[in-house]
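Engineer: generate coordinates for the sequence data below:
(chains A and B)
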Amino acid sequence: MNIKEQITDLIKKAVIDLGISEVDIPAFTLEHPDEMSHGDFATNVALMLSKPLKKSPVQIAKEIVEILNKNKISEVDKIEMAGPGFINFYLSPSYFMGEVKKILNKKELYGQNDILKKQKTIIEYTDPNPFKEFHIGHLMSNSIGEAVSRIIEAFGSKIIRVSYGGDVGLHVAKSIYAVLEQESRISEVKKNSPKEQLTFWAKSYVEGSTAYENNPEAKAEIDTLNKVIFDKSDEHINKLYEWGREISIEHFQEVFKRLGTHFAHNFWESEVITDALKAVDEGLQKNILEKSQGAVIFKGENYGLHTRVFVNSKGVPTYEAKELGLGVKKMELYDFDSSIVITGNEQDDYFKVLLTVIGLLRPKVKDKTVHIGHGMLRFATGKMSSRKGNIITGISLLDQVKEIILEKMKDRDFTSEEKELMAEMISVGAIKYSVLKQVAGSDIIFDFDKSLSFEGDSGPYLQYACVRAKSILEKAEKEGIKANMNSEQKAEVGELPKLLIRFPEIVERAGKEYAPHYLAIYLTELASAFSSFYAQEIVVDKNDPKSPYKVALTQAFSIVMKNGLNLLGIKVPEKM
RNA sequence: GCCCUCGUAGUUCAAUGGAUAGAACAGAACUCUUCUAAGGUUUUGAUGUAGGUUCGAUUCCUACCGAGGGCACCA
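Structural biologist: Down below sits the predicted model:
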């Protein structure tokens, strides 16, 4: 039983002592007050009892405090009534010391739990489409997906990371249409670097999309081409297709590597089509789906949703059917305990329809599946669209940010290899943090100058705090001062240890709510507390009897910060 | 038109129905002879509007105003 549960128990007993029967105990809270001067835990139980007991909350609180004081446990130093009737609990210094010791003992395992022990979780994110750019929206999906994966992993679950790419569909037809328009250039383009070949394909996609929208003849041709690609009936087109697909995939692998994601499997739309059509047939047989105007549709209106097309009138399955097939296939391949799908929130309504259909077809799969919609990356001027070509690619953002960091470091005394390594970690950290610091579902208004900061509330701020701690620990080792938690029990416990030991509960909340931002914000608070501590105290000092204690705190900080950043998918450089 | 998100300092973001609404950036003033100033200290400044539920509302409900997204063969 942890301390929170122990205190909760004591409160319940006290309430029963007041004459409330066990079933009538209100659903009170026991939480950390915002203000540290309000103690380490606070409960609102007296406020909630005011009505049933027909007494003032202050009076009730006083009575409860009296009872609590009789049964006090050693971890609690002081209990008092405050404000409109809150009861605040102040924990003892030795409790905090004991908890910090746990950090030093558990090291990189600190923060993990076994809530999902022996479970298997499949998580899909990033999902870039071959023939299109890997843009900063994918960077966003990847940052969130990777963080959620790592947090779920810390819950003890086995994680299967997958990505899903649309290697068939209208966008491919649009690209190939535009490539066919400039057929004579192809052999020339193929001599260029993979990067330039990729640009050629991305441009073609934009051109094809424009033609599709503005030119009815082109639209008809592209629609026909889509069917040809789907049927694989034209050898020449098959070859173009293979070329474009490979160039894209090669590029994606490079970006994944830089971001620190390794997918166990990459699903492609082309490989789920059979499953999709099978699922559609089953849906038709069970009257879940129906035929209408030559297409297969789902009438969502019956479920408070809207109608979606699963197979179009040309017999080609749409995204909805393919995703349905994917859901079924994932279950067959991996037999998961839970499945998480992360996409842009523009697909929220679509996923509601899809999950409803899956629920009718495979109730068990539905119960185990959760969709997380992340916000969009938008420019102040409007939405980014790869169809229109006004996008920032993932790789160009990574490179630009890296440039800025290298520029900042140019006068520093590091070798160019060191600088290269640091700049890579710092740029990825800065980008990931800027995505992870806010609620996953909300949009990021992207402004290159403002969105990526290297100061204050930023990735580099956290990395920097960690690097400084590391540097102190090295100095302590040189001077032979060892971390010791016992030398300073009597002292007043500052903000740093109090924050440090909250790490496991923050991880737990971030995982349960699929909300990495709780962790990001916590780490910033923690780094801030450490930076303050760093500015006020000289940690390594042979003449200071408190030095071993301060070294211990620094070490604990270093462990927690590193573990926390690791869960966010952010690496820490040796120096910076 | 219907459905879903969301409106918080000048800006970008926080706040499991709780106490004095937190940060960061920008602005103002300090701070490197001390373990890395990508740091620290101080300071100015905000809940779209109108109701309702509640001991207590940024949070829940209703209406309005405003932004974004989704609504049949794109993904």
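
Engineer: just give me the neighbour total for residue A:449.
Structural biologist: 6 (other Cβ atoms under 10 Å). Every residue, glycine included, has its C-beta placed from N, CA and C.

Engineer: quick one: it is in a helix?
Structural biologist: Yes: membership of residue A:449 in a helix is supported by DSSP: H, G, I helix; E, B strand; the rest coil.

Engineer: what about it, distance to residue A:400?
Structural biologist: 11 Å (Cβ to Cβ, to the nearest Å).

Engineer: residues from the stretch 351-500 of chain A in reach of RNA strand B?
Structural biologist: Contacts of the stretch 351-500 of chain A with RNA strand B, taken as Cβ under 7 Å from any atom of the strand, map to A:376, A:383, A:405, A:408-409, A:422, A:426, A:437-439, A:441-445, A:447, A:450-451, A:453-458, A:460-461, A:464, A:467-468, A:471-472, A:475.

Engineer: could you report the pLDDT at the residue in the stretch 351-500 of chain A positioned nearest to RNA strand B?
Structural biologist: Closest contact between the stretch 351-500 of chain A and RNA strand B, by Cβ to the nearest atom of the strand, is at residue A:456 (1.9 Å). We have a pLDDT of 91 for residue A:456.

Engineer: ok, and the closest non-adjacent residue to whichever residue of the stretch 201-350 of chain A sits closest to RNA strand B?
Structural biologist: Using Cβ to the nearest atom of the strand, the single residue of the stretch 201-350 of chain A nearest to RNA strand B is residue A:312, 2.0 Å away. Sequence neighbours aside, residue A:295 is the residue nearest to residue A:312 in space, at 5.3 Å (criterion: Cβ to Cβ, 6 or more residues apart in numbering).

Engineer: quick one: that neighbour and residue A:308 touch, right?
Structural biologist: No: counting by Cβ atoms under 8 Å, residue A:295 stays clear of residue A:308, with 10.1 Å between them.

Engineer: the more surrounded of the two?
Structural biologist: Under the criterion of other Cβ under 10 Å, the comparison of residue A:295 against residue A:308 puts residue A:308 first, with 21 against 16.

Engineer: about what we covered before: would you mind measuring from the residue of the stretch 351-500 of chain A closest to RNA strand B to residue A:294?
Structural biologist: To residue A:294, residue A:456 is 58 Å away according to Cβ to Cβ.

Engineer: can you list the domains in chain A?
Structural biologist: A:3-91, A:125-383, A:401-568 (automatic domain parsing).

Engineer: among the residues of the stretch 351-500 of chain A next to RNA strand B, which are in helices?
Structural biologist: Here DSSP state H is the test, and these give A:405, A:408, A:422, A:426, A:450-451, A:460-461, A:464, A:467-468, A:471-472, A:475 as lying in helices.

Engineer: can you pick the most crowded of the residues you listed?
Structural biologist: residue A:426 (28 neighbours).

Engineer: pretty sure that one is touching residue A:573, no?
Structural biologist: Yes: with contact defined as Cβ under 8 Å, residue A:426 counts as touching residue A:573 (6.7 Å).
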